[in-house]
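1. coords please:
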Amino acid sequence: MDNTNQRKALINSEIALFLRGLIIGKVLTIMVIGGLLWWFLKPNILSSPNSVNSSSNQNFNGVSNNGSTFQTVADVPPASFNYGGSTAWASIRRLVDSQIQSDRPELQLRYVNPVNGSPGSSSGIRMLLDGKLDFAQSSRPFTDEEQATAKERGFTLEQRQVGRDGIAVVVNPLLNVSGLTVDQLQQIYLGKITNWNQVGGPNLPITAFSQRPEDADAVIFPSNSDLKGQALGSNVQYVYSATEAVRQLSKTPGGVYYASARSVVFQCSVKALRLGSTSGQLIAPYREPMVSPQQCPPQRNQLNTQAIKNGSYPMIANLFVIIKQNKGSEQQIGNAYANLLLTDQGQRAIEQAGFVGVR
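-> Numbers count the residues shown, from 1 in each chain. Here you go, the predicted structure:
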C-alpha cells in the first residue's frame, strides 16, 4: 500500500472513531438529562392525586391493578400442568397462554383433548372432576350438578371470571332472514319452529346444528330458565365442533348454528344474524356495517365488543377459569392461572385475542 492510501485509511479510521465517540457522547448526555428530569419530577409524580388514588385502589381478585404484568404474579408453581375445555378459548390459548409461558418459563401448560366426545366447556369440567385436568377453561358457569359431583369426590369447584364473549347465531349466507329473537332461537332448537317462514323468512325447512348438550361449549338455555333440561328437537343434527358446523352450513341452505361469537363472526362462509330480546331490538354480534361474504376474506366482520361490554347484546357468554378447591397443586395452579389473566397485561392480551375484558 503506498503512502497516499495509508494516509486515506488512517483518516477514515480517525473519522470513524470520532463519529463513534460523538454518538456515544450524545447518548450519554441524553441519559444524564433524562435521569435529572426524572429525579426532579419524581416527588411531584408521587404526590399527584391520580397516583394516590391508584395506589389506594383495591386489588381485583388479589391482583394489582397498577400496571400488573405476568411477572408480578406471585405463587406461580414451577411445574407442568394439564388443562383443557372450551373451544371458544382457542385464540386465548394461542395468543395469551404463549405469552404467559414466554414470561414465566417455569410454568408449562399442556392442553389435553377429551378421549371420548368433543372438546368444550362441559367436557373440560368433566375431565377436571375426573382428575384428568388440573384446571378447566369454560364459556359457562358450572352447574349445580357439577358442583354436587365435586362435593361427592371430596372437593368443591370455584369459578373465576376473566373475560366476556357473545353467543352468535350463524346461517347459510344466502338465507334471507334479518334476525331472530332469543325465544325464536330457543324454539327452533326445541323443534317448535321448523320452517324459516315462521320467523319471516322463506318457505324452507330449518336444519339446526348443535354440539351434543353433554359436550356443549355455548348455552342458549340458562340455568335459571324453565326450558333448561328439555330435550332438543328431532330437527337438530349434532356436530363435533364449530369448524364442522360452519362447513355444513355452507352447503345447507336452511342451516343454523350457535356458538362463541369470537369463533364464528369472522368466518367468510356463513352469515351472522342480529339477535334480540324482542323483534324490535335486534343487535348485531358484529360491528356495523356487515362485511358481505363477497368482500371476505380481504375484509372480515369484527366482534361487536361494545354491545357485549355494555350488555345490550342479549346473549353473553362469560369466560371462567374453573378451579378445583382441594388445597393441592390443582388449586394453586388454577388460582395462579386466573391471577395471570386478571393482570393488566392479561386483560389486554384477552382483548387482543378478540374478547372483552372484565376490568
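
2. contacts and neighbour counts: CA atoms only from here.
-> Fine.

3. Looking at the longest strand along the chain now, give me its mean pLDDT.
-> Ranked by residue count and defined by DSSP state E, the top strand of the chain is strand 156-171. Averaging pLDDT along strand 156-171 gives 97.

4. Tabulate the CA atom coordinates of it in PDB.
-> Only the C-alpha atoms of strand 156-171 are listed here, as PDB (Å, rounded to 0.1, in the frame of the first residue of the first chain):
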ATOM      1  CA  THR A 156     -65.500 -28.100  45.600                       C
ATOM      2  CA  LEU A 157     -65.400 -26.000  42.400                       C
ATOM      3  CA  GLU A 158     -64.700 -22.300  42.100                       C
ATOM      4  CA  GLN A 159     -65.100 -20.200  39.000                       C
ATOM      5  CA  ARG A 160     -63.100 -17.000  38.400                       C
ATOM      6  CA  GLN A 161     -64.400 -14.800  35.600                       C
ATOM      7  CA  VAL A 162     -61.700 -13.400  33.300                       C
ATOM      8  CA  GLY A 163     -63.500 -12.200  30.200                       C
ATOM      9  CA  ARG A 164     -66.700 -12.000  28.200                       C
ATOM     10  CA  ASP A 165     -67.900 -13.300  24.800                       C
ATOM     11  CA  GLY A 166     -71.100 -13.200  22.900                       C
ATOM     12  CA  ILE A 167     -73.100 -16.200  21.600                       C
ATOM     13  CA  ALA A 168     -73.700 -15.600  17.800                       C
ATOM     14  CA  VAL A 169     -76.200 -17.300  15.600                       C
ATOM     15  CA  VAL A 170     -75.000 -18.000  12.000                       C
ATOM     16  CA  VAL A 171     -76.800 -19.300   8.900                       C
END
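
5. Correct me if wrong: residue 321 contacts residue 140.
-> No. Counting by Cα atoms under 8 Å, residue 321 stays clear of residue 140, with 9.8 Å between them.

6. quick one on the thing from earlier: continuing past the longest strand of the chain, what's the next helix or strand?
-> Sequence-wise, the next helix or strand downstream of strand 156-171 (DSSP states H and E) is strand 179-181.

7. now that next one, how far from the chain's geometric center?
-> 25 Å (Cα atoms, centre = their mean, to the nearest Å).

8. Strands of the stretch 251-359 of the chain, residue ranges please.
-> 255-260, 271-272, 274-276, 316-325 (DSSP state E, counting those that start in this stretch).

9. Need the contact partners of the last one.
-> Contacts to strand 316-325, defined as Cα atoms under 8 Å, 6 or more residues apart in numbering, come from residues 125, 128, 134-142, 155-167, 218, 260, 308, 330-331, 334-335, 337-338.

10. Of these, keep whichever come out buried.
-> Of all the contacts of strand 316-325 considered here, the ones buried according to neighbour count by 16 or more other Cα atoms under 10 Å are 125, 128, 134-142, 156-167, 218, 260, 308, 330-331, 334-335, 337-338.

11. Now find how far off-centre stretch 335-344 is within its chain.
-> 14 Å.

12. Now do the SS call for residue 136.
-> On the three-state scheme (DSSP: H, G, I helix; E, B strand; the rest coil), residue 136 is labelled strand.

13. Okay, and the beta partners of it?
-> For residue 136, the beta-bridge partners under DSSP bridges are residue 84, residue 322.

14. And it, how far from residue 157?
-> As judged by Cα to Cα, to the nearest Å, residue 136 and residue 157 stand 11 Å apart.

15. repeat for residue 353
-> Counting by Cα to Cα, the gap from residue 353 to residue 157 is 26 Å.

16. Over to residue 284?
-> If you go by Cα to Cα, the gap between residue 284 and residue 157 works out to 34 Å.

17. likewise residue 123?
-> Residue 123 sits at a distance of 15 Å from residue 157 (criterion: Cα to Cα).
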